[in-house]
Each structure stands twice: as structure tokens, then as C-alpha cells.
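>>> sequence first, predicted model second:
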Amino acid sequence: MTFLTPLIAAIAAGIAIPSLVILYFLKLRRRELEVSTTLLWKKAIQDLQANAPFQRLRRNILLLLQLLVLGAALFAISQPQLKGREYQNTRQIIMIDRSASMSASDGAGATPERVDDAGAKTRFEVAKEEARKLIDSLPESGVFGTGSSGEAMIVAFDTTAEVRQQFTSDKTALKAAVDAILPTEAPTLMGEAMRLAKAHSPKRALVTDPLSGEMMSVEGLDVGMPVTIHIWSDGRVGDLTEVKPGLSDEVVFHRVGQPDSGNLGVVSMRWERSYEDPTKLSVFVSVQSTYEQARSVDIELSIDGQVAGIKTLDLPAASVQLAPGAASAAGAGGAGGTEGQPAAAIRTVTPAASGVVFQLERTEGAIAQVRLRSPNLDAAPAGDPLATDNRASVIIPPAKKLAVAAVTRGNLFLAAALEGLPLAKLDTLTPEQYQERVKAGGTGEYDVVILDSWLPESKGAAPANLTPTSTVPAPGGWAGPATQGTPALPPGRYLILGTVPPDMGIIDKGIAGGAPAEGSPAAGSGGASQSSEAIFIDWMRDHPMLRNLTLDPVIISEMRVVEIQRGTGAVAIAQTNRGPGLVDTSSSDGQWRAIVIPFDLAKSNWPFDVSFVVFMASAVDYLGGAGDSSPVNAEAGKLPQGMVQPGSVLADRLPVGASGARIRVPASAAIGSRTEEALTIAADGRIVFGPVRMTGIYDVSWVGPAAPADRSVDGRAMRTFAANLMDAAESDVGSSDELALATQVVRASSAGRSVTDRKLWPWLLLGALGIVLLEWFVYNRKVHV
Amino acid sequence: MLRTPSIKRPLKIEDLLDSQLISRLDPLDLASRKVFAGKLKGERRSKKRGQSVEFADHRPYVIGDDLRHIDWNIFGRLDRLFLKLFLEEEDLALHVVVDASESGDCGEPSKYLFMQRAAMALGYIGLVNLNRVACSVMGGGRREASRDQDSRGGIEASSEEPEGLSAIGAGEVSAIRDLRGRRRTHDLARFICSVEPSGALLFRNAAERIALTRRGKGVMVVFSDFMFKDGYEAGLRMLVGRGFDVFAIQVLSPQEIDPPITGDLRLRDVEDGDQTEVTISAPLLKKYKQNLAAYNDQLRDFCARREITFLSVRSDTPVDTLILDYLRRRGLVR
């Protein structure tokens, strides 16, 4: 027991107790009353005094009780505390993992066999309870503020991290912040959380400059009180090596969950249409098991909510290795949390994985969902603590073959490259035929138009003047397409070879090295000096068109030099030593998109390289593909279109003219009963939602034009996104015994230990109140009937 | 038991008896368990033979008897002289004694006011029925104005009041005597109103004075709280000694019966200034009530042994209840 303010209590006692006793020595000041006669009173008093042998003691019971009250109050003023465990530091950072695996229902009281009981607590609930207990046990400054008060900060993290409460000693605020944390279904990354926590600790030291004697501040020094970082997690963290707590910080890892919990989870789900026959659809589902025994599980596939197939999957047992704990080896390095605990064997589980393939015949688009079931039972797998990864869904676009028009005067390389593509229609047109079709308005049937060294003439104007001088646009030419009268190209998707269209953000500088403004590019005359040669030096290797090819062997003998106009939609996706070699350009209103190859193919060795065929195939796919805008989740390129992982942001671009966008979230992610939220559409049609918290189907709908792959529901265009966990590490729910951080290895502190740091003064005051009541009762017994 | 906060002293007969009470008192007459010889001719049958319409007896004539009382019818028949004797009707002497010690001013309603009104009511009954009424006040002080009024009103010298004294001593008694007839009611009222309670009272001395100065026999009604520090026994013994039919009426205020006081107090006796320090507590109050009950039992026993009719009333009892109920049941009025 410690006393926060013993001195104040002693002073108060020195004043109050003698005062109380002196009060009892004073003669009672009596009220004077005139009565008719004192005859009977005198007799009564004589009788009473004769009959009360303990008269003096009776009077002193009140004094005794009052001394007790005073003693209790004085004891309360000294603010005694019963100490539980004390952490090294008075500042605590409470980090609570809210990721998907924390929703596993093997918290306190659950056995691995009975985790799916209704009463079982999830790890997240246990973590919140323990955090509340820790907050309760924080030392308080006391009523008079003489003691040092404990401060705490609350950080919640999954893939991202956020500070839910800054450092404060207000326990009510801290507990409210803990209560307000909601579980998500995102994977776990702790690095950001730790950086966030460190950012909120003081990082500035004031030192005395030895020369001038002035105070100056030094950034970056760990100063101030070091903090104790409490981590409530199951230890399933993807980026432990990124987690770098301060060297003087104490890290306490409160493990929640059972280390030997097994789990079944869908870790991957993909679809693929047959290249030859796009109506043949294959859905691949990969399932992982971390059970120590072999399990079999039913996988149910539903297409648009209708069950389309059930397959039974037999999963082998996961292999489990027990290794001596790393903490004992790293014990000297660990700053805290390791001492005194014998190193237990570290359990390493290598999950067993297996997969099934569903074969379907389906031309239309669909929402495909899979669900894990107990064999021959319409119920979740028995003993599976984590429900999130028992489901997965993908959005399958409709099967599509492209219609391509090649406008050429005869190009052997082009014809050979296009012939091998699985296209629905391939029309080879002369420029004149194409021009007629444009006039008739019949070019809409083509998904992609390939313009080989020719550009259609603008309406009401002379055939496009392709001389370099004339194509140099006037200032602001991109923003003002009226310089050429009307847009040169009708809306559509174009692959333009050997020429540069005007008004597309590309400035034609003419043939490299050659005399400019001499001869038309279409003529592609010789006479190029040796300095017009070019090779590719760099290209965007993650661009869909260039992903699988190399441009190193390509030599361009006659390079047309172009320049990208800034502030336009044009992007150079491949660079030669003479400037942009491949340009991806699109109009701001999404009317048309074009891939421009400025040089003449015949003046290079590219058609002879295999990369040309690959490029043509991907370029046609890219231009004619479902995406009429930039790919979804361009920053998270590993995810296919229409998929998003919880914890990340759902971002997409809607067609121009869309308005009133709304998103419908799954019921589990709804805040209250609101499952629809309005989205704000940026000027370029971009929408952002998130971070996505829960798995499930997210429907974005809007009023206005729809992209070809979008559905139309109740007059509104709709695009669907599927949020899945699909994280093998997260699905391995067995909680780990230690956290191997970058700077130290932290073993889990003993679970279930209750931290008590009880203040006693409220109880003392309560006791004092009770004695006052007793005293009042005794007094009244004496006075009244 | 506490001093009455504001005392409204009665000044006239209307303050003591209202017309309603008078109308209820009119049919009443005094009675006594004993038959006393009267002094004047009255409406009461006496032991003596005398002149009245009611025949009592015959006796032989002796020389000197009044010839008017000879029964001539018997003389005619027997030729002997017989005298007709009639029952004498005489008056009854009523003596009302009021305790005017300062404790009478205590209680709510005031005990003394109650005693004044009860005494006036009894006196009225006596006067209306042609009885001799006397009233004595033990202790107390005379009010100046009322004394002037007395002298103007021409009270007859029957009063023994000491002229010019505003305060009467502890053992002193002022009295008005030999009032008879309805017209003397105002004199009685004036006398009763003229005395205010003050000082202490030595009951024994006062009783002795009354016993020594009274004339004849009759009914005596004593109003007091009988809380005398020197004891009530000797005084009562003196009053009852010469064959008076004594009624002792103890008047207590409701507050004396159930004290409404709490706290740490210093109690001062209004009469002699004696002080007692008490801390009011439940056992103390219980003890007080036990003592009061024991005191009254003792008093009642004492009275019963000496043929004194004892009655204890609260000062908040209506006067007509006292007269018409309590005293009628005990045979003082009928």
C-alpha cells in the first residue's frame, strides 16, 4: 500500500483530531427554557442518573464514532493505493489489433473444440476488456495532484492505424475510445501503428549549447519519459520486421486467442475464361487448413445467389514444428517483457492448402460466391473460429470477343499479328471504305480501330494536314480543340501506327535528324540520316500492355520525334533515346482513347520480334477490354478488377456524366441500419470509398451513362466490387507466443493476469459515511422515542 | 409547560362566559353530597325546620312558640295545641379557590385562563340559584385598573382584599365573599379578572388562611395544578378539615402531559427561578411521563382517602365539557 498524500493527511490529522476532542471538553451551551415547574424534571434526572451506571461511557460512544469518521476521512485524504503490477513507465500506449483474425471466437473461456459456441467471446472482445482493466489500473494523480498520473494513448490498427485517443489521463475518455473501436476484416500490419505511436511521443530535446550557453532544441533524440507499449494482438502480423519501437520503450505483448487454434479459410479465388471459348468459365478456389488433423470440407459455389455446385475437398493435416523459443536466445537483446519467463517451445504451423476448380458454361457476367460448409451439412465448418475467411466472392464480367477494324493500305506485319488473335470480327478496310463508314455512322460496331499510317479527315476540313509544322498546335491547343475546327477522330478506341494525330497532347517534331517539314510522314521516305536511329531505353513494365515483353532488341531506324504536351491525358509508356516511343493518350471526357506508335513499323525491326505479336494482342485487349478508364486499384495492382481487400480504399472512375453516386455496403459493415451511403464524384469521375472495413459485396450505383461492363438496375448504372480477406497469413489464426520485432523479441505476457491498482479512498469515504449514519442513529436513539 | 407566548387577559364577564355557555349553564344547580346548614334563606332544603311550604312534622306547643304556626285543625279535633313544622329551605355556600401562582401562565392554552373561566362558570351557577358564593385567589397580583373599577363599582365590604397592594404574597389570599343573586355575577367576574398570576405560592399557608377565614360550611372547589414544591398534603388537609365538601380539580396543560421539547436545555422554573439542566432524550421523556403519572396517582389516592373529589383536566378541555360532563358526573352540579 502506498500513500499519495501522506503529508497533507498528517497535517489535517494534527488539526482535526485535537479540535474534535477539545470540542468534547467544552461545556455544552444549553438553550434556556422557562417551564411551569421543574419538579418532575428534577425527579426524572435523578432517576435516570441513578439507573445509568455507564453514563459517561454512553456519552462517549458519540465521540468514539466521530473519531472513527474523522480517522476514515483523514486516511482517505492520504489517498492510499493498493498496488498491483507496476509498469516501468507512466506513459502507456495501448495498441489494439482490430484485424480479421481478431474476430476469431476463441477468446477467453473457449476451448479449441467449442469455439463456435454462441457464448464464446472473440479475441477482440477479450482484448478490449483487458485494455479497459489496464486503464482502470493506471495510477491517478489523486485529488490534490501531487502524485504523478499515468497517461495513455489508444491506437487501433489493422492494415492501417489510427490514433483513437491522444495521451491523456482521463480514464473515462480512454475507456470510451477503447469501446468505440470496431473490428474490421482487414489483414494486420503493425508498422504504421508503431510509427504513429512513436510520432506522438516527444522527439525533441532541449540541451544547453556548450559554447553560447543558450538552450537549443535537438530533434530526433528520444527524450522525455519512455513509454510502455501494450499490444493486444494475436501475433499474426504481416510486417513484424517493420515494427521498430524506441530502444528505451517497454513493449508488453498481451496475447489473445489460443495458440493451437486451427482454421479453415479461403485464401484465393480466381476465375478464368477459356481463351478459345470464352463461354467456358473456370472458378479456382484455394482453401487452407491449419488444423493438426486432416479435415474435409464442402465448398459451395453460388452464382448470383443461386447454388451452382458443391464440391468436397479433403485437406491434409497441417505440419506443426515445435522449436525452442527465440526469446531465450534473444533474451539479452530484448529490452523488456522477456525476463523471468522460461522460453517455451515456439509452435510453427505450415498450413496445408488445397484447391478445387468449378467448371461452368456462362457467357453473362456474374457475382460468384463460395462458402465453406461442414461436409453434407448446411452449416459452417465445425470448430472454425473465424467466419470471415469462410466466404469469398468475385465479380466475373461477361464473356467478350472483340471486333477490330484494321484501316490499312496493306501491311503484312499487321495482318499476320492480327490473324492469330481470337477476335469476334476482324475487318480490314481501306481508308476510303473506313471514311464512308464513319460518314454512315457505322464505326460503333468495332471495339478497336487500328489506323495504319493514316488518319481520317476531319469533317468540314481538308484531309488532315500531317505536316510537322501544321501539327504543332497553337498555344492551348489541347484545351481548345477548335484549332482544327472539329475533332479529328470520332469517339472510339484507336491503335495508331506510324503517325501522330493532332490535338491529342502529342507534339510532332518530325523525323529525327532529318530535315523537318520535308515530305509527308505517310510517305515515309528514306533519306534519313544515320542519326535518326533510336532504341528503347525504358518502358513501364507494369503497364497492362507491356507487362510480359521486352523491348530491348527493337531498333528503330527512322524515329519520329514527339513531345508530350504537359497537362494532357497523354502518357509516354515507353521511352527511346529520342523521346517517347509509345504514347497512351485519352480525352478528358473519355470519348476516345488511343495508343500511338509514332514511328513507322516498316522502318524498325520490331515486327520481326516476338514482342510485337504479344504487344498487339495486349494492346487490343487493353483498348477493347472492359475498362473504359484506368484500371481499378492501380496502386494495388495485384488485385484484379472489381476486387478490393478490407483495409484498403475502394477507388474507381465512373463514366463522364455520372451523378448521384451511392454505395451499398454489406449489412455487416453498415453503420447503424444505414446500408447506403452517398459518394462524392470528383471532376474526373473518380470515386473513393473507405477504407473498406468488412468483407462482402459493395454495389456502386449512379445515374448517367454506364460503361460496357456495368449493369443497369432500376434505371441506375451499377458496378459491383467484392471485398475478400483472402490472406493466408491472416487465416492462420493460431496466436503466436512472441512478437519478433525489428529491435527485440517480445514474449507474450502471461494471459489472464489481472492487473489491480486499486484506490482505497472512495471505500474509506464510503465507510466514513456509514459511520456517520450509525452515529446519527445512535444520537437519535438517545434523543427521540 | 412553557410560558404562554401571548396572554390575552379576560377583562369582562363576556370574556369569561359567552352567551352560549350561559344558556347551557342556566338550568344547572349546585349540589352536594352532604347537606349543610345554610345561613340565609335559600332554595335548598335544610336540615333545619323552618318556613316553607313543605310540611315536615308536628310537635306539641310550648309557651313562647309562634301562634301563627299552631295547627288549628288539630286543636279543633283534639282540643290540644300542636305546632306545624315545615322544612326550611336554605342556601348552599360555594367557595371557589383558584391558584394564581405564576405557573398558571404556562401552557397553551393558558392554565390560569382555563381556571378563571371554570371558576366563573361555577360561580355563575351558584349565583343564579341564590347560593352564597365566595371566591378566593391564592397568590397572584391585582391589576391597578381593575382595582379602580372595583372601588367605583362599589363592592361591598365583604371583600377582604388588602387595599393598595398590587402584589399578593406567597401565602396571601384575596377573596370576595357572600355574593348572592344573579346581579352579583358582574362583581364576581370583575374580581376574577382583576387577579393576574405572579410569583410562587406557599399552598399550605394559603390554605390555612382560607380555612381560618371561611364562614359556614358548603362546597369548595379548588383549581390548581397541585405542583407544589412544599407539598399539597398539608394544605388539602386544612381545607377539608371542617366539613367542607372539597372538589380538587387539577389543571394541566397539554404540554405538561407530553412535552414537545428537544435538545440540550437549561430549564428554569417560572415561579422560583430554580434551574435544571437536562438533555432531552427518549429515556428521559419516558421517565418524566412515568413520574407525572405516579404523582397524579399519589394525589388521587390522597384525595380519595379524605373524601375529596379529585379530577384532572387538561387546559384545552372546553369549559362546558368540564361543567356539564365531568362535574355533573361527580355530583357537583345537577
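That came through, no problem.

>>> phi first, then psi, for the most centrally placed residue in chain A.
With distances taken as CA atoms, centre = their mean, the residue of chain A nearest its centroid is A:Gly647 (2.2 Å). Dihedral pair for A:Gly647: phi 100, psi -20, per degrees, to the nearest 10.

>>> tell me the domain ranges of the chain?
Defaulting to chain A. Domain segmentation of chain A under automatic domain parsing yields A:2-82+A:761-783, A:91-260+A:733-756, A:264-396, A:431-624, A:643-727.

>>> I was thinking of chain B, sorry if that wasn't clear
Split by automatic domain parsing, chain B gives B:13-36+B:91-329, B:46-89.

>>> for the chain, which segments count as helices?
Because you didn't say which chain, this covers chain A. A:6-25, A:39-51, A:55-77, A:123-136, A:171-179, A:191-199, A:326-329, A:412-419, A:431-440, A:468-471, A:610-624, A:728-731, A:761-783 (DSSP state H).

>>> hm, I was asking about chain B
Under DSSP H, chain B gives helices at B:13-16, B:19-25, B:72-78, B:111-128, B:144-153, B:185-194, B:203-213, B:233-240, B:254-257, B:282-305, B:319-321, B:328-329.

>>> please identify the most buried of these.
Of all the helices of chain B, helix B:111-128 has the most neighbours on average by mean count of other CB atoms under 10 Å in any protein chain shown, namely a mean of 26. In this view, the C-beta of every residue, glycine as well, is placed from N, C-alpha and C.

>>> same for it, what does it pack against?
Helices and strands touching helix B:111-128, by 3 or more CB pairs under 8 Å, 6 or more residues apart in numbering or on different chains; DSSP states H and E, are helix B:13-16, helix B:19-25, strand B:93-99, strand B:132-138, helix B:185-194, strand B:218-224, strand B:245-252, helix B:319-321.

>>> quick one: contacts for whatever residue of the stretch 551-700 of chain A ends up closest to chain B?
Residue nearest to chain B within the stretch 551-700 of chain A: A:Gly672 (61.2 Å; CB to the nearest CB). Applying CB atoms under 8 Å, 6 or more residues apart in numbering or on different chains to A:Gly672 gives no contacts.

>>> equivalent analysis for A:Phe612, please.
A:413, A:417, A:601, A:606.

>>> buried ones from these, can you make that a PyMOL selection?
To isolate in PyMOL the members of the contacts of A:Phe612 that are buried, counting by 16 or more other CB atoms under 10 Å in any protein chain shown, one can use:
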select buried, chain A and resi 413+417+601+606
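
>>> coming back round to it: including mean pLDDT and distance to B:Tyr112, could the helices of chain A go into JSON lines?
Below are the helices of chain A laid out as JSON lines (pLDDT from 0 to 100; distance: least, CB to CB, whole Å):
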{"stretch": "helix A:6-25", "mean pLDDT": "85", "distance to B:Tyr112": "43"}
{"stretch": "helix A:39-51", "mean pLDDT": "77", "distance to B:Tyr112": "18"}
{"stretch": "helix A:55-77", "mean pLDDT": "79", "distance to B:Tyr112": "38"}
{"stretch": "helix A:123-136", "mean pLDDT": "87", "distance to B:Tyr112": "73"}
{"stretch": "helix A:171-179", "mean pLDDT": "90", "distance to B:Tyr112": "70"}
{"stretch": "helix A:191-199", "mean pLDDT": "83", "distance to B:Tyr112": "91"}
{"stretch": "helix A:326-329", "mean pLDDT": "44", "distance to B:Tyr112": "101"}
{"stretch": "helix A:412-419", "mean pLDDT": "84", "distance to B:Tyr112": "137"}
{"stretch": "helix A:431-440", "mean pLDDT": "83", "distance to B:Tyr112": "133"}
{"stretch": "helix A:468-471", "mean pLDDT": "41", "distance to B:Tyr112": "134"}
{"stretch": "helix A:610-624", "mean pLDDT": "84", "distance to B:Tyr112": "123"}
{"stretch": "helix A:728-731", "mean pLDDT": "82", "distance to B:Tyr112": "101"}
{"stretch": "helix A:761-783", "mean pLDDT": "84", "distance to B:Tyr112": "32"}
